[in-house]
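Visitor: test case, fold it:
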Amino acid sequence: MQCAVLYVHHTGKANARDKTTDQYSGRGGTLDDTGRFAKVLALKVPWAHSYADMRPGKTDRERREAYRRAAIENISLTQTNALWWAFRITVEKAGRPLDVDNVAKTIIDAFCASQIARDSSSFSQLGLYPDDTFDHVRILQVVGTRGTSADSTFIEVFARIQE
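Guide: Okay, here's the model as predicted:
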């Protein structure tokens, strides 16, 4: 089994000086911190796509539209005062290999207003941010695992509501 774990935790100066090491000594929070983030989408789809797959019939636009069709019934569009956005994506791929670094592009573009316009998509209400720069999308967490029987992608989208 090949795996890697990266654990990053920011500790404030006071806790460092006092040598406080319990689980509450960290600074910041997680995407599940409902005081700072609002989850607007939790969506599981039965596929795992990557950006720029060159196989016939698998265009990036078709993939973005598939994510939009799946999301339209599940997304909470009430979070219009977001300071910025964050994504947590968990992908499981059976069969052929999948580049984990190419998974997020199609998903992030699916919710980008300028990309929705370029795609001439009918899902304009899913445009959460004007473009996919760091000004609007600041956190991206992608977890990939090798599946044994079926592909799936779990997408969570969070609005940052408080600094």
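Visitor: ok, now which ones touch the most centrally placed residue in the chain?
Guide: Taking CA atoms, centre = their mean as the criterion, Phe87 is the residue nearest the geometric centre of the chain, at 2.4 Å. Phe87 makes contacts with 104, 107-108, 137, 139-141, 155-158, as judged by CB atoms under 8 Å, 6 or more residues apart in numbering. Any C-beta I mention is one placed from the backbone N, CA and C, and that applies to glycine too.
Visitor: can you check Gln141 too?
Guide: Neighbour list for Gln141: 31, 86-89 [criterion: CB under 8 Å, 6+ apart].
Visitor: partner residues bridging it?
Guide: Arg88 (DSSP bridges).
Visitor: roughly how far apart are it and Ser121?
Guide: Relative to Ser121, Gln141 is positioned 26 Å away (CB to CB, to the nearest Å).
Visitor: can you give me the helices for this protein?
Guide: Assigned by DSSP state H, the helices in the chain fall at 13-17, 60-71, 103-110, 113-118.
Visitor: drop anything exposed from the contacts of Phe87.
Guide: Taking 16 or more other CB atoms under 10 Å as the criterion, what is buried in the contacts of Phe87 is 104, 107-108, 137, 155-158.
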